[in-house]
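# I would like the atomic coordinates for the input below:
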Amino acid sequence: MRLCELGELGLLRELESRALIVGTEAAREAARRLLRVRRDRVRVIPFAPRDAFTPDGPDGAEERGRLGLPERYLVYAGRYDARQDLATLLRALAGLAADGRPVALPDAVPWPPRILLVGASPDDRAALARAAAREGVGDALAYAPRLPDARLAALVRGARAAILPVLSEAAGFAAIDAIAAGTPVVASAVGALPELVGAAGILVPPREPERLATALHTAWADERVHARIAGEARSRAARRRTWADVADATRRVYAEVGAFD
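Now for the predicted structure:
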C-alpha cells in the first residue's frame with residue numbers, strides 16, 4: 001500500500017503494492033498515465049483543510065490593522081517556487097491598472113486590486129518587489145511573513161478571494177483551506193484545482209495575464225458574481241471534511257486490501 005501526493009508519483013517504482021492512495025482525481029489520472037497503474041488500484045481519498053480554516057471566527061480586521069491592509073483585499077498563501085505563476089499575476093495587475101478604474105467601483109475600494117502575499121522569504125519578497133516595480137504595481141502588493149494557522153485563517157476568511165496563479169498543483173491545500181473558510185478562489189485551471197474549486201471560484205488558463213486580469217476584475221468588482229462564488233464557498237464550508245474523515249477512509253482501504261492480514 002502506498003499513500004502518495006502527485007509530486008511523489010514520479011519517484012514511485014515499487015508498483016507491486018495492492019493500492020495506491022492519492023488525494024485527487026487529477027493525481028489518480030497522473031498515476032495511470034505516468035506509472036501505468038490500473039485505475040482500480042488507485043484510490044482517491046480527498047484531503048481536508050487545517051482545523052483553523054472554518055467560516056466562523058475572526059474576520060481578519062485585527063490582522064488587517066497590523067498589516068495596514070484595506071478592508072477589501074485578495075490573498076495569496078501558496079508556494080514561492082517554480083510551480084507558482086506570480087509573474088503572470090503581476091502582468092495581470094499591470095493590465096488592470098492600465099485599463100483604469102471601473103466606474104461602478106465604490107470610491108473607498110482601491111484599484112487595482114490589493115494583494116496580500118503571505119509566507120514569502122526575504123529573498124522572495126525582494127524579488128517580487130523588484131518585479132512589481134518593473135510592472136508599475138508595487139503599491140498593489142502587501143506582504144506578511146509565515147503566520148500561525150489561526151492568524152492566516154483570519155486573513156483568508158476576511159479576504160475578498162484567495163488567489164492561486166500556478167503552473168502545476170497536485171494537492172491544492174491552499175484552495176482547500178480557503179473554501180473551508182468560506183472564501184472563494186481565483187485559480188489556474190491546472191492539476192487538481194478545477195475539481196477542488198469548481199463553482200466556488202473562477203478558473204483561468206495559466207500564463208495568460210489577460211484572462212487572469214478579467215478574473216481578478218470580476219472577483220474584485222462584480223458584486224453579483226462574487227456573491228455567487230462566495231455563496232458556493234460558504235455552502236461547501238458547511239459540509240466540512242476533517243482529517244479524521246481522511247483517516248477513516250484510509251483505514252477502510254487498508255482493511256479492504258488486507259494490508260493488516
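# tell me where the stretch 101-250 of the chain has helices.
Ranges of helices in the stretch 101-250 of the chain, per DSSP state H, counting those that start in this stretch, are 122-135, 149-158, 173-180, 193-197, 209-221, 223-238, 243-257.
# how long is stretch 168-186 end to end?
One end of stretch 168-186 sits 15 Å from the other (Cα to Cα, to the nearest Å).
# got the buried residues for that stretch?
Under the neighbour-count criterion of 16 or more other Cβ atoms under 10 Å, stretch 168-186 has 168-186 buried. From N, CA and C alone the C-beta is placed, and that goes for glycine too.
# now that stretch, how far from the centre of its chain.
Between the centre of stretch 168-186 and the centre of its chain there are 4 Å (Cα atoms, centre = their mean, to the nearest Å).
# nearest to residue 41, of the helices of the stretch 101-250 of the chain?
helix 243-257 (9.0 Å; Cβ to Cβ).
# in the closest one, what counts as buried?
Judged by neighbour count (16+ other Cβ under 10 Å), helix 243-257 contains these buried residues: 246, 253.
# stretch 24-37 now?
By 16+ other Cβ under 10 Å, the buried positions in stretch 24-37 come out as 24, 26, 27, 28, 30, 31, 37.
# hang on, the earlier thing: need the helices of the stretch 101-250 of the chain in JSON lines (columns: mean pLDDT and distance to residue 47).
Formatted as JSON lines, these follow (pLDDT from 0 to 100; distance: least, Cβ to Cβ, whole Å):
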{"stretch": "helix 122-135", "mean pLDDT": "96", "distance to residue 47": "25"}
{"stretch": "helix 149-158", "mean pLDDT": "97", "distance to residue 47": "15"}
{"stretch": "helix 173-180", "mean pLDDT": "97", "distance to residue 47": "6"}
{"stretch": "helix 193-197", "mean pLDDT": "96", "distance to residue 47": "9"}
{"stretch": "helix 209-221", "mean pLDDT": "98", "distance to residue 47": "24"}
{"stretch": "helix 223-238", "mean pLDDT": "97", "distance to residue 47": "14"}
{"stretch": "helix 243-257", "mean pLDDT": "92", "distance to residue 47": "6"}
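# looking at residue 10 now. What's its pLDDT?
pLDDT, residue 10: 44.
# can you tell me the distance between the two ends of stretch 160-178?
11 Å.
# confidence score at residue 37?
What the model reports for residue 37 is a pLDDT of 77.
# make sure I have this right: it is in a helix.
No. Counting by DSSP: H, G, I helix; E, B strand; the rest coil, residue 37 is not found in a helix; it is coil.
# ok, it touching residue 31?
Yes. The pair residue 37 / residue 31 is scored as a contact, 4.7 Å apart, by Cβ atoms under 8 Å.
# what sits in contact with each of these two?
Contact criterion Cβ atoms under 8 Å, 6 or more residues apart in numbering; residues bridging residue 37 and residue 31 by contacting each: residue 20.
# residue contacts, residue 75?
Counting by Cβ under 8 Å, 6+ apart, residue 75 makes contact with 115, 116, 118, 155, 156, 159, 161, 162, 163, 183.
# am I right that it is in a helix?
No. Residue 75: not assigned to a helix; according to three-state DSSP it is strand.
# is it bridged to anything, and to what?
The partner list for residue 75 in beta bridges (DSSP bridges) reads residue 116, residue 162.
# how close does residue 78 get to residue 86?
Distance of residue 78 to residue 86, computed by Cβ to Cβ, to the nearest Å: 9 Å.
# right, I mislabeled it, should have said residue 97
16 Å.
# circling back: between the buried residues of stretch 24-37, which is closest to residue 138?
Distance to residue 138, by Cβ to Cβ, is smallest for residue 26 among the buried residues of stretch 24-37, at 34.6 Å.
# what strand or helix carries the closest one?
Assessed by DSSP states H and E, residue 26 sits inside helix 25-30.
# please state the offset of that helix from the chain centre?
Centroid separation for helix 25-30 versus its chain: 18 Å, with Cα atoms, centre = their mean.
# okay, buried residues for stretch 75-92 please.
For stretch 75-92, the neighbour count (16+ other Cβ under 10 Å) marks 75-80, 84-86, 88-92 as buried.
# good, we can wrap up now.
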